[in-house]
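**Student:** show me how the following folds:
(one chain, ligands or ions: 1)
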Amino acid sequence: MTDSSPQDWNIPAKEDSPHEGGFRADLKITTERGGPTYGEMIEQVRTFMDKVRYACPTHELADEVIDDLKKLNAKLDTMLVDEWTSPSGTRVDLPSRGNITLPPYEISAGGPDGVDATVIFRRFHLGGNGVAHGGHVAIAFDDLGGMAAALRIGGVSRTGYLTVNYRSLTPLETPLAVRTWVDRQEGRKLFIKGTIHDGDRLCADMDALFIALKPGQA
Ligand SMILES: CCCCCCCCCC(=O)SCCNC(=O)CCNC(=O)[C@H](O)C(C)(C)COP(=O)(O)OP(=O)(O)OC[C@H]1O[C@@H](n2cnc3c(N)ncnc32)[C@H](O)[C@@H]1OP(=O)(O)O
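**Tutor:** Residues are numbered from 1 along each chain as shown. Prediction:
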């Protein structure tokens with residue numbers, strides 16, 4: 001049992017900070033939260049996950065790692081905040097906004113016409129036989145597709161459906177070009193398309209529907 005409770009992550013909307021279209025009206029995007037080395041902390045976590053995916057520890061080493069992780073978890077338990085003020089997700093200066101649950105990507109261009117990014121699937125994104133897991137490919141498309149929708153409407157949308165066509169194998173540890181764009185819009189419905197290329201080779205493409213949230217809609 002840790003000091004934290006599930007409520008730490010689920011602070012309800014308040015009068016001075018209402019949920020609006022899925023996000024808080026006063027959500028502050030900042031590059032300050034978590035301090036100047038927060039990005040390096042996230043990178044070390046990703047590196048740890050890479051190693052965990054491939055490590056075969058002895059019983060003794062596994063016990064040692066468990067003890068070390070318990071200490072690290074206890075340290076972070078003293079610093080938990082709600083999702084609206086957590087740096088992970090709002091640090092726009094970091095790959096994937098500092099969100100460790102996303103494959104790390106960097107945006108090179110973004111606007112109402114779409115988003116261009118470079119994504120690297122890490123060793124811990126392994127599916128099998130040395131290439132990326134298809135679910136992780138879909139996560140990259142979902143986030144960057146949602147970003148294309150957000151930049152078009154200047155607001156928040158949620159995924160209605162998302163279809164990925166896996167055209168060829170998606171390599172790990174390789175910078176891949178991602179493009180997502182609004183193919184057409186019908187009212188609240190944004191039809192989003194996307195591609196992931198390894199050089200000239202198409203790895204996957206996406207066909208998705210995002211629905212713009214109404215004010216107050218979660
Ligand atoms: C800058 C930062 C960028 C960050 C990007 C992050 C992106 C991440 C996005 C996500 O992963 S969101 C999580 C996954 N998605 C969900 O959990 C959504 C769950 N579903 C819902 O919450 C609701 O179904 C939804 C908000 C999507 C729609 O419900 P509504 O009640 O608002 O709309 P409604 O059901 O009336 O549908 C509106 C229109 O969309 C159509 N529609 C809705 N879902 C559909 C669907 N699945 N397929 C086809 N059409 C669909 C629906 O028929 C209708 O068409 P018409 O206006 O023409 O009548």
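**Student:** for the ligand, give me its nearest residue in the protein.
**Tutor:** Nearest residue of the chain to the ligand: residue 146, at 2.4 Å (CB to the nearest ligand atom). Bear in mind the C-beta positions are built from the backbone N, C-alpha and C, glycine included.
**Student:** buried residues in the helix or strand that contains that residue?
**Tutor:** Under the criterion of DSSP states H and E, residue 146 resides in helix 134-153. Judged by neighbour count using 16 or more other CB atoms under 10 Å, the buried positions of helix 134-153 are 136-153.
**Student:** near the ligand, which residues of the chain? Just list them.
**Tutor:** Within reach of the ligand by CB under 6 Å from any ligand atom, the chain has these residues: 142-143, 146-147, 150, 158-161, 187-189, 209, 211, 217.
**Student:** now the two most distant members of those residues.
**Tutor:** The span of the residues of the chain next to the ligand, defined through CB to CB, is set by 143 and 187 at 23.3 Å.
**Student:** about what we covered before: residue 212 is in contact with the residue of the chain closest to the ligand, correct?
**Tutor:** No. If you go by CB atoms under 8 Å, residue 146 and residue 212 don't touch, sitting 11.0 Å apart.
**Student:** could you report the neighbour count for residue 101?
**Tutor:** As a burial measure, residue 101 scores 9 neighbours (other CB atoms under 10 Å).
**Student:** can you pull the contacts of the residue positioned nearest the centre of the chain?
**Tutor:** Central residue of the chain (CA atoms, centre = their mean): residue 102, 3.1 Å from the mean position. Residues near residue 102 by CB atoms under 8 Å, 6 or more residues apart in numbering: 96, 139, 140, 143.
**Student:** gap between the third one and residue 207?
**Tutor:** Distance, residue 140 to residue 207, using CB to CB, to the nearest Å: 15 Å.
**Student:** which secondary structure element contains the residue located most distally from the centre of the chain?
**Tutor:** In the chain, the residue that sits farthest from the middle, by CA atoms, centre = their mean, is residue 60; the gap is 33.8 Å. Taking DSSP H and E as the definition, one finds residue 60 inside helix 59-77.
**Student:** and after that helix, which helix or strand comes next?
**Tutor:** With DSSP H and E, the next secondary element past helix 59-77 is strand 105-111.
**Student:** and that next one, what does it pack against?
**Tutor:** In terms of contacts (3 or more CB pairs under 8 Å, 6 or more residues apart in numbering; DSSP states H and E), strand 105-111 is packed against strand 114-119, helix 134-153.
**Student:** got TSV for those, with distance to residue 64 and mean pLDDT too?
**Tutor:** Shown next, in TSV, are the helices and strands packed on strand 105-111 (distance: least, CB to CB, whole Å; pLDDT from 0 to 100):
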stretch	distance to residue 64	mean pLDDT
strand 114-119	33	98
helix 134-153	29	96
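**Student:** quick one: these as a markdown table, columns for distance to residue 51 too.
**Tutor:** As requested, the helices and strands packed on strand 105-111 are exported to a markdown table (distance: least, CB to CB, whole Å):
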| stretch | distance to residue 51 |
| --- | --- |
| strand 114-119 | 21 |
| helix 134-153 | 18 |
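**Student:** thanks a lot, catch you later.
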